[in-house]
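Asks: Attaching a predicted model along with its sequence, questions to come.
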Amino acid sequence: MNIIHQMSSIRARSLLVLAAALIGLLAATIPAATANAAVTASDPEGAAGCTAAHGPGNWNNHCVRVNGAGLNVESIEGWIDSKGVPGYPVTVCNVKIEVWGTELGGYPYSNSFQHNTCALGHLGAKFTVNKQFQPGSQVCSKAIWEGKQPQPACVQIRY
């Protein structure tokens, strides 16, 4: 009976090691978050970037998407994505989305939205802007979850 118990314990530890190795392998195959995109006159779809963030899951990113072309910013979207393991979203609740940038002429732009609800996998906001932004400036977003403020995700405005 003692030998059977030892074999079961060894098998359980081996399975845990295998599971940890698989999770590590999956994490290594996920592309690194990036936030170095740019809105250019030749990109009519705009640009997006993401960076790591605090959140309820094991893999959390907050992102920004600037819709427009060149100096014209039609809208700015900010959101948080959260997964327990790759491909498996978790519930995200009570996130504050903040966006900001510099309008043409050096005028500051900012907006925010506080979610008091929950969603599966991601939660965000879209802000209608319809203004021109300063060339070379950045439009940024951050998703504040449980008071934790990550580094911003930004895209650069280029003409």
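Replies: Received, thanks.
Asks: For the protein, which segments are assigned as helices?
Replies: Counting by DSSP state H, the chain has helices at residues 2-29.
Asks: what about Gln132, neighbour count?
Replies: Each residue near Gln132 was counted by other C-beta atoms under 10 Å, and the total is 16. C-beta here means a position set from N, CA and C on the backbone, and glycine is covered the same way.
Asks: Show me the strands in the chain, by range?
Replies: 38-39, 47-52, 59-69, 72-85, 88-89, 91-93, 95-102, 108-114, 118-120, 122-132, 138-145, 153-157 (DSSP state E).
Asks: Worst mean pLDDT among those?
Replies: Taking each of these in turn, the one with the lowest mean pLDDT is strand 38-39, at a mean of 50.
Asks: okay, now the domains of the chain?
Replies: Using automatic domain parsing, the domain ranges for the chain come out as 1-30, 38-157.
Asks: looking at those, which is buried most?
Replies: domain 38-157 (a mean of 18; mean count of other C-beta atoms under 10 Å).
Asks: what about that domain, distance to the chain center?
Replies: Averaging C-alpha positions (C-alpha atoms, centre = their mean, to the nearest Å) puts domain 38-157 8 Å from its chain's average.
Asks: Gly78: what's its closest spatial neighbour, skipping adjacent residues?
Replies: Once flanking residues are discounted, Gly78 sits nearest to Ser141: 3.3 Å by C-beta to C-beta, 6 or more residues apart in numbering.
Asks: Quickly list what the one you found is bridged to.
Replies: Val99, Ala153 (DSSP bridges).
Asks: Next up, the contacts around it.
Replies: When contacts are counted by C-beta atoms under 8 Å, 6 or more residues apart in numbering, Ser141 is found next to 62-64, 76-79, 97-100, 152-154.
Asks: and what of Trp145?
Replies: Taking C-beta under 8 Å, 6+ apart as the test, what Trp145 contacts is Ala53, His54, Gly55, Pro56, Asn60, Ile80, Val92, Asn94, Val95.
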